[in-house]
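In: From the sequence below, what's the structure:
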Amino acid sequence: MNRRDIVRVGLLGAANLSIGARVRAQKLPFRIGALVPVPDNGRFSVALRDGLRDLGWSEDSAFTLEIRQADGTVAAFRRLGAELAALPVDVLVTASTAAASALAQTTTTIPIVFVGTFDPMAAGLVDRLDHPGRNLTGVAGFQADIATKWVAQLKEIAPGVTEMVIFSNPGSVSAAALAGWKAVASRSASISEVHVGAVADIEPAIAEVAKNPHAGMIVVPHTFPLANRKAVVDAMSKDRVPAIYGVAEMVRAGGLISYGQDLAAQWRMSALYIDKIAHGAKPADLPVQYATKYALAINKGAAKALGLQVPKAMIERADEIVDQG
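Out: Below you'll find the model as predicted:
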């Protein structure tokens, strides 16, 4: 079965199973623990609340939401995940492969809904996509073939780029994801890697890449650059390195261009799983859904600062335009 063809078995009907239409006899309100892996000014939790309200849930009377916001590190995921599990909660929800893996190590009994993961099977989160078999399920994305688009989009906006460097933090990126993205990107560009271990290493690493005037960077989607997005985009601007990102949050923070999935939309989609679980479904029986919609975001201010002219064709197909650097 093609991953992009994983059917939404049982999920499309979930929208019609409004918890507001039936009074649950037990455990009201339903307790949801949300582990937000990076500082995000509330956008992800707002999306989750919106998704629940779309299904007829009323906060406080039908559910309570316990939120813990991490700093993008695995240590924080483990500490805050254990804190949520001890409250206790009826379900846990989080984003990223690293955060989901940390929650999986924290509990094998509390249902876990993940979003924004790379390959949940390769990461050991589920046994099968159509029948996860464990206490985890959710929405996956960022398949390896997206790297082809990263290379093409960066070359289009920055034609002078002939070599590309993948930016990653080994502590928070999925090794399987990184290997897959690099293999695909290497088919259409000269690819190397830079591993950034700490915030203090960000600027020196980017400055080293900047020594090659024909180099650009691919900042693959994982929690470290997202948690430290200002430091990353500021260094790219300072050293005049064109870069493409996997999430639009980086462009909204001042980055040049992104191509990827809408993480807030996936948080909203997680409400479908939570609703099913609240009505007695087990994560082991709820198929993993692959998000298939990708969006292009461009920061015209960042392009101008780098001396780049955004092609008209890119402007026309962009899903989001940011005008400030």
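
In: I'd like to know how many residues surround residue 187.
Out: For residue 187, the number of neighbouring residues by other CB atoms under 10 Å comes to 10. Placement of C-beta: from N, CA and C, glycine included.

In: give me phi/psi at it?
Out: Residue 187 has phi and psi values of phi -70, psi -20 when expressed as degrees, to the nearest 10.

In: For the stretch 51-200 of the chain, which segments count as strands?
Out: 63-69, 91-95, 112-117, 136-140, 163-168, 190-195 (DSSP state E, counting those that start in this stretch).

In: what about those strands, which gets the closest to residue 303?
Out: Residue 303 lies closest, by CB to CB, to one member of these: strand 163-168, at 17.5 Å.

In: ranges for the helices of the stretch 201-325 of the chain?
Out: 202-210, 223-227, 229-238, 248-252, 263-278, 300-305, 312-317 (DSSP state H, counting those that start in this stretch).

In: any idea of the mean pLDDT for stretch 311-325?
Out: Across stretch 311-325, pLDDT averages out at 92.

In: Can you give me the neighbour number for the closest residue to residue 213 other than its chain neighbours?
Out: Using CB to CB, 6 or more residues apart in numbering and skipping residues adjacent in sequence, the residue nearest residue 213 is residue 160, 7.4 Å away. When neighbours are defined as other CB under 10 Å, residue 160 has 12 of them.

In: Residue 160 contacts residue 214, correct?
Out: Yes - at 6.1 Å, residue 160 counts as touching residue 214 under the criterion of CB atoms under 8 Å.

In: so what's the backbone phi/psi at the residue nearest to residue 213?
Out: Reported as degrees, to the nearest 10, the phi and psi values for residue 160 are phi -80, psi -10.

In: Now do the contacts for the nearest residue to residue 145 once chain neighbours are set aside.
Out: Of all residues not flanking residue 145 in the chain, residue 184 sits nearest, at 5.8 Å (CB to CB, 6+ apart). By CB atoms under 8 Å, 6 or more residues apart in numbering, the contact set of residue 184 is 144-148.

In: List only buried entries from those residues.
Out: 144, 146-147 (16 or more other CB atoms under 10 Å).

In: Among the residues you listed, which ones are in helices?
Out: 146-147 (DSSP state H).

In: For residue 40, state which of the buried ones among the contacts of residue 184 is nearest.
Out: Of those, the one sitting nearest to residue 40 (CB to CB) turns out to be residue 146, at 21.4 Å.

In: Could you check the pLDDT of that closest one?
Out: 94.

In: what about the closest residue to residue 87 other than its chain neighbours, neighbour count?
Out: Using CB to CB, 6+ apart and skipping residues adjacent in sequence, the residue nearest residue 87 is residue 66, 6.1 Å away. Neighbourhood size, residue 66 [other CB under 10 Å]: 15.

In: could you list every residue that touches residue 66?
Out: Neighbours of residue 66 in contact, by CB under 8 Å, 6+ apart: 31-34, 84, 87, 89.

In: bridging residues for it?
Out: Under the criterion DSSP bridges, residue 66 forms beta bridges with residue 33.

In: average pLDDT across stretch 277-291?
Out: pLDDT averaged over stretch 277-291 gives 95.

In: Can I get it in CSV? Just the C-alpha atoms.
Out: Included here for stretch 277-291 are C-alpha records, laid out as CSV according to Å, rounded to 0.1, in the frame of the first residue of the first chain:
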residue,chain,number,x,y,z
ILE,A,277,-10.4,7.6,21.4
ALA,A,278,-12.8,9.4,23.7
HIS,A,279,-15.6,7.3,22.3
GLY,A,280,-13.7,4.0,23.1
ALA,A,281,-11.5,3.4,20.1
LYS,A,282,-8.0,2.1,20.6
PRO,A,283,-4.9,3.8,19.0
ALA,A,284,-3.8,0.3,17.9
ASP,A,285,-6.9,0.1,15.6
LEU,A,286,-6.8,3.6,14.2
PRO,A,287,-4.8,3.9,10.9
VAL,A,288,-2.0,6.4,10.6
GLN,A,289,-2.9,9.1,8.1
TYR,A,290,-0.3,10.7,5.8
ALA,A,291,-0.8,14.4,5.3
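
In: ok so, going back, how about the strands of the stretch 51-200 of the chain in CSV, adding distance to residue 319 and mean pLDDT?
Out: Shown next, in CSV, are these (distance: least, CB to CB, whole Å; pLDDT from 0 to 100):
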stretch, distance to residue 319, mean pLDDT
strand 63-69, 26, 96
strand 91-95, 20, 97
strand 112-117, 17, 96
strand 136-140, 19, 96
strand 163-168, 23, 98
strand 190-195, 26, 97
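
In: out of the ones you listed, which comes closest to residue 222?
Out: That would be, of the strands of the stretch 51-200 of the chain and by CB to CB, strand 163-168, which comes in at 6.6 Å.

In: Thought residue 98 was touching residue 74, still the case?
Out: Yes - with contacts counted by CB under 8 Å, residue 74 reaches residue 98, the gap being 5.7 Å.

In: Now residue 288: closest residue in space, sequence neighbours ignored.
Out: residue 129 (4.6 Å).

In: From the centroid of this protein, which residue is nearest?
Out: residue 116 (3.7 Å; CA atoms, centre = their mean).
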